[in-house]
Each structure stands twice: as structure tokens, then as C-alpha cells.
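S.K.: Predicted model follows, preceded by the sequence.
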Amino acid sequence: MIGIIDYGAGNLNSICKAFEHIGFDTEIVEKETRHEKYDALVLPGVGAFPGAMSRLKENNLDQFIKEYVKTGKPMLGVCLGMQLLFEWGYEDTKTKGLDLLPGEVVKMDSSLKIPHMGWNELEIIKDDNLFKDLPDNPHYYFVHSYKLKEITDEVIAATDYGVKIPAVVRKDNVIGFQFHPEKSGDNGLKLLENFGELI
Amino acid sequence: MIKILKKRIIPCLDIKDGRVVKGINFLDLVDAGDPVASARRYNEMGADELVFLDITATKEKRKTLTDLVEKVAKEVFIPLTVGGGIKSISDMQYILRAGADKISVNSAAVRNPSLVKEGAKIFGSQCIVGAVDASLKDDESGWDVYINGGSKKTSRDLVEWVQELEELGAGEILLTSMNRDGTKIGFDIEMLRAVTNVVNIPVIASGGAGKIEDFVEVFTKTDTDAALAASIFHFGEVAMSDLKNTLAENNIPVRIEESSDKNE
């Protein structure tokens, strides 16, 4: 069973349907609960950093996620969900994140159009089981205006949008995608399948 | 290998009472009016995104449209934009919850600009597409904005209106040239230039596509981010793979995947 964290905003349906399409059961997690129930946890993302953090805290979901990660079971953040895994976010105001990974999330400094919206290719920095059976430079669908500030040690793939954008992060069982695998066609489903194999 | 943002190719499907209308000519489709089958086929062909434009005029509209979006979103995992008669925040909420990624608003945005502002605030700018139908002014000094499916001229000037849409919070502009729509003589380059020059959000070109060269032209001569077409894809006049390969040969960055090649 994959638990999908619901923190009020955003459309959880797409990510649920994508996991169900490739054969996983999903359940919406709205408040702190026993983590034994879930083989993996997903933090989806649509919305803004400060609001998302305060809603996670209201229902003690921030503590739930941190405890869950200690079990070593896979934890995935998607888009804003990936950004929330880091120490600090600078959207609107400086906000403490879940602090599971080191780094800061900042507004994109690019002469190109913002939001960064559309299909971009991945450049794999560090090979990983997550990329198994994917083409060399698979395309993924991005929609975001903020990004992880630097290519840190945890960044295992990036994309080029005039500036280098961290696209996949991983530290042991904590994984994040800046793009939307649930909106990226077959390569997106394949990536979610590979994530599912970590269970 | 070019790794910058790809230019998007977007088929548009007209929907009436939950069915695709205007016909789709995929040889392998048993039921060409089935939106799920059509969407799946376009996804396999390598479409980068899909737009559903609902032209139903009944009271049950919202329910049939919501059901349709739900069915498509269960099986097709690329971005879905839904438009056609969306008038309120609650309409938007239903459609987004059903699995749409973006809502396109046209006439309702002109009548009630705060709808764009509210929608962007609640759902995020990336969810709100400002759709605009425009036609050359009589004195050819610019373009007028039309509503009600192009049947009613407004007092709005295109170049001013798209800037206002951006300020209100629209995340994208879907620009249809009424002068070119259905003509198949190519996109309206001058109109697209006028709009991409004044906004800093993505612009989708619509109206006039008749052949592959029209897409090469629009991406070469303008700063357009995406191109939308309906009939040429539906009737198989242009194959997606040929289109994308030709664009790539002309150094226009497009998404070509192994998985999107093998199906044609």
C-alpha cells in the first residue's frame, strides 16, 4: 500500500491514478497515523511552500513523515513535495522545510519564461536503479517557478532550462522529482514503477 | 543533443455530450467518438499535451464533462487542458478534481476578469489558460477580441487583453486567429509575434495549421511555445511522427521518445 499525503491543496488524483495504473494500491493519508501500514509514502505537490508546511504541521504530518523516513522505507516527494524535503524554502517568505535533505529552495533566476512549463530532457548525473530501462535522456513534464538552489551531492539528475535545474534527488530512501512523473507519459509511469520496486 | 525546453504539439478535441465530435480518422479506433480511445491514441503517437474543448450547451454539461475528464485521466498520463463554457471557480474545481491539469477560460474571462485572478490565486497560475479568439481590425491596425465562440466582437484590443490576462495571473495564452481558423494556410505569424512580444508567459498558437511546414514556420519565425491543431491530426493529414521528425531536422527542439516512435 502506498500512502499519498494530503495536505489540503492540490490534485492528488493524478498521482493516485498513475500508481494504480501500474498495479499499486494507494490510500490518502490526511493525518498522522501508524506508519506500518504503508510500504511507501508519497508527498505530492501543487501549491506554495509556506502554506503547504503549515498544513502539514496542523495535522502532525511533518512529524509523521520524519518518523516514517527513519524506518528506511521509500519516501517520494513530487514537485513542491520534493522541495519540501529540504531545509529551507524562500517562496514568499523564508520557511523551514522538512529538513530531510540539505539545501535551499529559491526562485528561479532565469531570463527564460517562468513558470518553467513543459517537456525537458534529463541528464543523469549519478546512475541509479530509478533510471532502469529508461532511454538515455528521457523527457519529463515540468511545471515550477522555484528550484533547489544548487546541484548538491544528492542531485542524481538535472535538466537544462538555460540554467541547470536539479530534477531528481536521492539520499538513501528519500527521493524527490522536480517534474511530474504522473504527467510524463510512459517514461513517467516507468519511473514510478522503478520507485515501486524499492518497496 | 539539445536539452532545452521542447516546443509542444497539442491536438485539440471538440467534445459534445461526452463524445468527440468532428470525427477522428484513426484506422485502428473501433469507436472514433470515444474520448478515452482518442486520447490514448494521441498519447501513443507522441502528443505533448491534450486540449478538450466542450461545446455542449445542456444543463447536465458539468457532470458529463467531469465524468469524461475522470475517465481520460485514469488512462492517459500527459497534461490535460479542459475548456468550453467554464464560468465559475466551482466549475474549475470540479474539472481539476476530476483530473484536468489546466482550465482554459475564454468568454467568461472577458465578462468577468476576476475569475482569472481568483482561479490563479486558488489553483495556481499554471492551472489557468487564458484562451483568446481574435480577428484583424477593419483598419488592420491590430486585432479585436471576440467571445461566444467568435460570434461576438468585444471592445477589447488583443495586445492589451493578453497583457491584462498575464497580470491577472493566467499561466499561459491560447491564441486563436479567427482569420486563419479552418483555412489551413498557416498560422497567423504577425498576430503571434504581436502577442509573444508583450507577454512573458507561454503562448500556444492556434488556427491555420494545414501542413507540416506551417509548424516549422511558426516555431522558426515566432517565439511561440506550442502549437495546437485539430482537424489535420484527426483526419490523419499530418502524422505526429513526421511532424516531429521534420521539426527536429529544422533544429526545432521537440520531444521524440523511443516509446512515441514505435506506434506509427
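M.R.: Structure received. Numbers count the residues shown, from 1 in each chain, chains lettered A, B, ... in the order given.

S.K.: Please make it C-alpha for all contacts and neighbour counts, starting now.
M.R.: Fine.

S.K.: So what touches the lengthiest helix in chain A?
M.R.: For chain A, the helix with the greatest residue count under DSSP state H is helix A:185-196. Contact with helix A:185-196 is made by A:18-19, A:22, A:40, A:74, A:129-134, A:138-140, A:180-182, B:43, B:76-78, B:259, as judged by CA atoms under 8 Å, 6 or more residues apart in numbering or on different chains.

S.K.: Stretch A:42-55 - what's its average pLDDT?
M.R.: Mean pLDDT, stretch A:42-55: 88.

S.K.: send the alpha carbons of that stretch over as PDB?
M.R.: Included here for stretch A:42-55 are C-alpha records, laid out as PDB according to Å, rounded to 0.1, in the frame of the first residue of the first chain:
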ATOM      1  CA  VAL A  42       4.400  10.000  -1.500                       C
ATOM      2  CA  LEU A  43       4.300  13.700  -0.900                       C
ATOM      3  CA  PRO A  44       2.700  15.200  -4.000                       C
ATOM      4  CA  GLY A  45       2.800  18.900  -4.700                       C
ATOM      5  CA  VAL A  46       0.800  21.700  -6.000                       C
ATOM      6  CA  GLY A  47       0.600  25.000  -4.100                       C
ATOM      7  CA  ALA A  48       3.100  27.200  -2.200                       C
ATOM      8  CA  PHE A  49       5.800  26.200   0.200                       C
ATOM      9  CA  PRO A  50       4.700  28.200   3.300                       C
ATOM     10  CA  GLY A  51       1.100  27.100   3.100                       C
ATOM     11  CA  ALA A  52       2.000  23.500   2.500                       C
ATOM     12  CA  MET A  53       4.300  23.400   5.500                       C
ATOM     13  CA  SER A  54       1.800  24.900   7.800                       C
ATOM     14  CA  ARG A  55      -0.900  22.500   6.700                       C
END
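
S.K.: quick one: is that stretch near chain B?
M.R.: Yes: counting by CA under 8 Å from any CA of the partner chain, chain B has neighbours in stretch A:42-55: A:Val46, A:Gly47.

S.K.: Compute the number of surrounding residues for whatever residue of chain A ends up closest to chain B.
M.R.: In chain A, the residue that lies nearest chain B is A:Lys183 (4.3 Å; CA to the nearest CA). A:Lys183 has 25 neighbouring residues, counting by other CA atoms under 10 Å in any protein chain shown.

S.K.: Could you do A:Lys37 as well?
M.R.: Neighbour count for A:Lys37, taken as other CA under 10 Å: 11.

S.K.: Next up, the contacts around it.
M.R.: A:Lys37 sits next to A:Met1 when contact means CA under 8 Å, 6+ apart.

S.K.: Now go through the contacts of helix A:185-196 and say which are in strands.
M.R.: Those of the contacts of helix A:185-196 mapping onto strands are A:Ala40, A:His139, A:Tyr140, per DSSP state E.

S.K.: Turn those residues into TSV, including distance to B:Pro11.
M.R.: Listed next are the ones in strands among the contacts of helix A:185-196 as TSV, based on distance: CA to CA, whole Å:
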residue	distance to B:Pro11
A:Ala40	36
A:His139	19
A:Tyr140	19
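
S.K.: No further queries at this time; thank you.
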